[in-house]
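K.L.:
Everything below, folded, please.
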Amino acid sequence: MTEHQISVSRETGEGLEKYKGLLKDWAQHIDLIGDKDDIALRHFEASLQLADYIPLTQPRLVDLGSGAGFPGMVLA
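P.N.:
Next comes the predicted model:
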């Protein structure tokens, strides 16, 4: 990711950039997210804050449909 300093692998960064592009494209048709200008800070970094609370011994989560995919898509 280029806008903010989030340390992720190149592949993950590329995936998040694709996801950001899809969110921006679909935002023109349906209102998935409120803040469309700063997706990385507002949505990606906010989702990543939850990573500190995921136990490393059993890293399983259930995302029960959080709209645009937050935080599940980012944490995955």
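K.L.:
With adjacent residues omitted, what lies nearest to residue 48?
P.N.:
residue 74 (6.2 Å; C-beta to C-beta, 6 or more residues apart in numbering). Placement of C-beta: from N, CA and C, glycine included.
K.L.:
what sits against that neighbour?
P.N.:
16, 19, 43, 44, 47, 48 (C-beta atoms under 8 Å, 6 or more residues apart in numbering).
K.L.:
Can you tell me which of those residues are buried?
P.N.:
By neighbour count, with 16 or more other C-beta atoms under 10 Å, those hold 16, 19, 43, 44, 47 as buried.
K.L.:
Among those residues, find me the one that's closest to residue 59.
P.N.:
Residue 59 has its nearest neighbour among these in residue 47, at 14.9 Å by C-beta to C-beta.
K.L.:
quick one: that closest one and residue 63 touch, right?
P.N.:
No: here residue 47 lies out of contact with residue 63, judged by C-beta atoms under 8 Å, at a distance of 10.4 Å.
K.L.:
what touches both of these two?
P.N.:
Between them, residue 47 and residue 63 share the contacting residues 71, 73, judged by C-beta under 8 Å, 6+ apart.
K.L.:
Tell me which stretches of the chain form strands.
P.N.:
In the chain, no segments count as strands under DSSP state E.
K.L.:
just for it, where's the confidence low?
P.N.:
1-6, 35, 66 (pLDDT under 70).
K.L.:
mind listing what residue 71 touches?
P.N.:
Contacts of residue 71 (C-beta under 8 Å, 6+ apart): 46, 47, 48, 50, 63.
K.L.:
Centre of the chain to the lengthiest helix in the chain, how far?
P.N.:
Looking across the chain with DSSP state H, the single longest helix is helix 10-27. Taking C-alpha atoms, centre = their mean, to the nearest Å, one finds helix 10-27 lying 9 Å from the centre of the chain it belongs to.
K.L.:
Tell me which helix or strand comes right after it.
P.N.:
As assigned by DSSP states H and E, the chain's next helix or strand after helix 10-27 is helix 39.
K.L.:
Distance from that following helix to the middle of the chain?
P.N.:
8 Å.
K.L.:
before we move on, the earlier item: so what does the longest helix of the chain touch, helix or strand wise?
P.N.:
helix 39, helix 72-75 (3 or more C-beta pairs under 8 Å, 6 or more residues apart in numbering; DSSP states H and E).
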